[in-house]
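>>> predicted coordinates and the sequence they were generated for:
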Amino acid sequence: MARTAPPALPAAGAGDGPAWPQDAVEVARVLGAWGIQGAIRVKPFAADPQALFGTKRWFVAPAATPRPAGAPGVALPRLLRIVQAREQGDAIVATAQELPDRDAAEAMKGARIFVSRASFPTPGEGEFYWVDLIGLRVVNRQHRVLGTVDGLIETGPHCVLSLRGEDPARRPTLIPFVDAYVDRVDREHGVIEVDWGEDD
């Protein structure tokens, strides 16, 4: 039911170069160089990586983990213009105009890859991207607000909605995102209707 694209993260800092899309969504992380021609190996966050294949423009942000003190900084390209991308096992191997050789590709290790939400392929009937579910209110059949979706958990067979209520100290409510419990997703009004009790 849910196509796994993670929620949007804050855009990279302003600076020279191509404009960062307002709807940028983080979709992958660079594992390192691949081969000797400047290709990179990328780990998509989604089981279905079509968001990466839906555009030739991948925006780049540095790794979330800071570099160790004293480590040399490397200027990363703000944008990768993808020449070719293909699946390789559970990863994607891609070449880009901005990565002419293995050294340039190796410098990308750990970098985060973002694409514009507008470039995502249209999901099928009854399918949703994670990013489109984050922030929606969840209401049960008794018209009780159970919380707001603040994340999703991939369990293998299906996804699970993680809800936060008004009390931040309370454990998140977890609801399987399957037809048995989810009656309707109304993105226009920002609501997910579920068959779920307040104490389930």
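All right, it came through fine.
>>> could you identify the helix or strand that succeeds the helix or strand of the chain with the lowest mean pLDDT?
Lowest by mean pLDDT, DSSP states H and E among the helices and strands of the chain is strand 2-3, with a mean of 52. Where DSSP states H and E defines the elements, the next helix or strand beyond strand 2-3 is strand 24-34.
>>> which of the residues in that next one are buried?
Neighbour-count burial for strand 24-34, counted by 16 or more other C-beta atoms under 10 Å, picks out 24-31, 33-34. The way it works is simple: take the backbone N, C-alpha and C, and place the C-beta from them, glycine included.
>>> and for Thr122, the neighbour number?
Residues within reach of Thr122, counting by other C-beta atoms under 10 Å, total 6.
>>> can you classify Glu98 by secondary structure?
Secondary structure, DSSP: H, G, I helix; E, B strand; the rest coil: Glu98 is coil.
>>> how close does it sit to Asp195?
49 Å (C-beta to C-beta, to the nearest Å).
>>> quick one: pLDDT of Thr173?
Model confidence at Thr173, given as pLDDT, is 92.
>>> give me phi/psi at it?
The phi/psi pair for Thr173 (degrees, to the nearest 10) reads phi -90, psi 130.
>>> cool, Ser119 as well?
Taking degrees, to the nearest 10 as the convention, Ser119 sits at phi -90, psi -10.
>>> before we move on, what about Leu133?
Phi and psi for Leu133, reported as degrees, to the nearest 10, are phi -100, psi -20.
>>> I figured it hits Ile192, correct?
Yes - using C-beta atoms under 8 Å, Leu133 is in contact with Ile192, at 7.2 Å.
>>> got any residues that touch both of those two?
Taking C-beta atoms under 8 Å, 6 or more residues apart in numbering as the criterion, Leu133 and Ile192 both touch 149, 161, 185.
>>> so what sits opposite the second one in the bridge?
Beta-bridge pairing for Leu161 (DSSP bridges): Leu152, Ile175.
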